[in-house]
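Enquirer: the following comprises the amino acid sequence and a computationally predicted model.
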Amino acid sequence: MESADAIIIGAGVGGLSAAAHLARAGRKVIVLEQDSHIGGTAHVFKRGGFIFPTGPQSITVPEYIADSLCELGVEKRLSFLRDRFQVLRGSMDIMISQPLDQLAEQLLENFPEERKGIHFVIKVLEEVITALDVLQPHDLIEQAPGCITDSTACAVLEKWGSFPALDLLDRHLKDQSLKDLLGSQGTSKTEMPVVLLAQMWRFMSRLGIWYVKEGIEAIPLLLSERLRSIGGDIRLGERVERIIVQDGAVTGVELARGTKIKARYVISDADYRETIEELLPPDAFPGNEREVISRMQLTSSAFTVFLGVKRDLVDLSAFRGDHLFVKLKEGKPVPWEIKKAVTEDFLQDEIWLSWWSRHEPALAPPECEALIIKVGAPFDMFAPFSGGGRGLHHERYYSLKEELADALVEAAANILPGLPGAVVVREVATPLTYKYWGHRSVGSVAGWSWRSGEQPKPWARSLIATKVPGLLMVGLQSFTRLFYGGMGTSMYSGKYASDIVLEKMK
């Protein structure tokens, strides 16, 4: 039977990071990826000369990612361009990707009667952001030494860590569109605690949100090239059927084709729930741990339309930045359980418009542009159409998603005149797409829930070291909070997991 020091399930950024650190330390590592590409959702697809992202469009903490690659011996240095974000709602047209003092000036021009409340909320955000600036990731992780860098900063996070941002906004502001903008960086009602909201504004206003000039897939590609150069083995198209557990500890994996590989450590970069519920034996976890994990809430999914358009047929002048959050009509969004495939039912949604090819014209053919339109969507709405796999869904699903896409594109034409007639390429993704192509439980697009009350403490809880000896988890869901954003947290999780394994191997 073949053996390795560690087996990595999934070739996402977290898995590749863990594998590279272990291989660099001289350990035999095998990465098993069920898809035919590396990178997980940090990947792209091509349609008619256009290139679109399958997952993240931007990253945070580019310096950390670049330094992590350098630490692993990657010589190529990536370049980054800052993304600019804009919110458009009624008469309000505000650029939000700028320092908070400048944002406050814009808000005061639009809401002069809210001066006192705006100053107070901005002051609280800046106070928490300052605390976050002085703390390192290990200070923000509950199981790590924690809060040793600055006691004052820790006190600030304790104060605001579980305080609902909605309560802060309701106490000091009156206008709903103003509350929504400060509470969600868009047009939707906030659900998160103050610390998480401040972290989002820290990225948006201070550290920046960045486009990878070489492409979002460049990061996993560089990791995979480095891993192979130091002896790591990456096997594409190899699906793990189960994780083998004997006498309460991991001993290896069994592949879908029946082959078994022995290893003392298995590091999963697959979906957290699917790893626990589908790959492990039912009795592997002690007590009710499986049930606890199954009850943990995830972020919602999305309905996304990728468009290739003729540039001269659509008016893109509404874009002052690269990403535009729009609410076309006031009122609560039409619930998806009663939403119809008509334009009117999308007017009250928060619509996220991205000019995807603006940074990089090569993402579209000459005289064309690549656009992305997205709205939040619940998995339960699409689950009844599931056939259990790619291309196996009920026939009605395929026509329904196109009808919904028609309606969403028509709604977006209120901001981008001429849009429907300019389309030359279109691809539609639903929560079923994110589940079966992105391998995400309930099609979740951003890890564990951000809602206030579901994470009562201000610290991230590490979920990397599981209660099954030898099984570790990495990736987007390996911490309860994304302190480095999605890509950065995944990269950090790989180093974190490899350190645990190397320490035990001593």
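Expert: Right, received. Where do you want to start?

Enquirer: quick one: contacts for the nearest residue to residue 276 once chain neighbours are set aside?
Expert: Leaving out its chain neighbours, the residue that sits closest to residue 276 by C-beta to C-beta, 6 or more residues apart in numbering is residue 293, at 5.2 Å. C-beta coordinates here come from the backbone N, C-alpha and C atoms, glycine included. Listed by C-beta atoms under 8 Å, 6 or more residues apart in numbering, the contact partners of residue 293 are 272-273, 276-277.

Enquirer: ok, residue 193 next?
Expert: 160-165, 452, 455, 458.

Enquirer: between these, which has the most around it?
Expert: Among the contacts of residue 193, the one with the most neighbours (other C-beta atoms under 10 Å) is residue 165, at 27 neighbours.

Enquirer: shouldn't it be in contact with residue 183?
Expert: Yes: using C-beta atoms under 8 Å, residue 165 is in contact with residue 183, at 5.3 Å.

Enquirer: give the residues shared as contacts by these two.
Expert: 190, 192, 197.

Enquirer: return the distance of stretch 380-387 from the chain's centre.
Expert: Centroid displacement of stretch 380-387 relative to its chain, using C-alpha atoms, centre = their mean, to the nearest Å, is 22 Å.

Enquirer: repeat for stretch 302-318
Expert: With C-alpha atoms, centre = their mean as the basis, stretch 302-318 stands 23 Å off its chain's centre.

Enquirer: flag every buried residue along that stretch.
Expert: Across stretch 302-318, burial judged by 16 or more other C-beta atoms under 10 Å covers 302-310, 313-314, 316, 318.

Enquirer: all helices of the stretch 351-500 of the chain, in order?
Expert: Remark: helices assigned in the stretch 351-500 of the chain by DSSP state H, counting those that start in this stretch are 379-382, 395-412, 419-422, 431-436, 485-505.

Enquirer: closest to residue 469 out of the buried residues of stretch 302-318?
Expert: residue 302 (36.8 Å; C-beta to C-beta).

Enquirer: in a strand, that closest one, correct?
Expert: Yes: remark: residue 302 belongs to a strand, assigned using DSSP: H, G, I helix; E, B strand; the rest coil.

Enquirer: look up the pLDDT of it for me, please.
Expert: Looking at residue 302, its pLDDT is 97.

Enquirer: that one bridge partners, please.
Expert: According to DSSP bridges, the partner residues bridging residue 302 are residue 376.

Enquirer: what residues are up against it?
Expert: Contact analysis of residue 302 by C-beta under 8 Å, 6+ apart lists 374-377, 429, 431, 434, 443, 445.

Enquirer: neighbour-wise, which one of these leads?
Expert: residue 431 (28 neighbours).

Enquirer: if we can go back for a sec, could you identify which of the shared contacts of residue 165 and residue 183 has the most neighbours?
Expert: residue 197 (29 neighbours).

Enquirer: give me the element that residue is part of.
Expert: helix 194-201 (DSSP states H and E).

Enquirer: least confident pick among the contacts of residue 193?
Expert: Lowest pLDDT of those: residue 455, 67.

Enquirer: thinking again about what came up before, out of the shared contacts of residue 165 and residue 183, flag the one nearest to residue 481.
Expert: The closest of the shared contacts of residue 165 and residue 183 to residue 481 turns out to be residue 192 (C-beta to C-beta; 10.2 Å).

Enquirer: hang on, the earlier thing: between the shared contacts of residue 165 and residue 183, which sits nearest residue 480?
Expert: Checking these one by one against residue 480 (C-beta to C-beta), the nearest turns out to be residue 192, at 12.7 Å.

Enquirer: pLDDT score for residue 145?
Expert: Predicted confidence (pLDDT) for residue 145: 59.

Enquirer: can you verify residue 265 is assigned to a strand?
Expert: Yes: counting by three-state DSSP, one finds residue 265 located in a strand.

Enquirer: could you find the closest non-adjacent residue to it?
Expert: Nearest one to residue 265, counting by C-beta to C-beta, 6+ apart, is residue 6 at 4.2 Å.

Enquirer: only alpha carbons, please: show stretch 371-383 as CSV.
Expert: The C-alpha trace of stretch 371-383 is given here as CSV (Å, rounded to 0.1, in the frame of the first residue of the first chain):
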residue,chain,number,x,y,z
LEU,A,371,-19.5,42.1,-16.7
ILE,A,372,-20.8,40.2,-13.6
ILE,A,373,-24.2,40.7,-12.0
LYS,A,374,-24.9,39.1,-8.7
VAL,A,375,-27.7,39.0,-6.1
GLY,A,376,-28.0,36.9,-2.9
ALA,A,377,-30.0,33.8,-3.2
PRO,A,378,-31.0,31.0,-0.7
PHE,A,379,-30.0,27.4,-1.5
ASP,A,380,-33.5,26.1,-0.3
MET,A,381,-35.1,27.9,-3.3
PHE,A,382,-33.2,25.8,-5.8
ALA,A,383,-32.7,22.6,-3.8
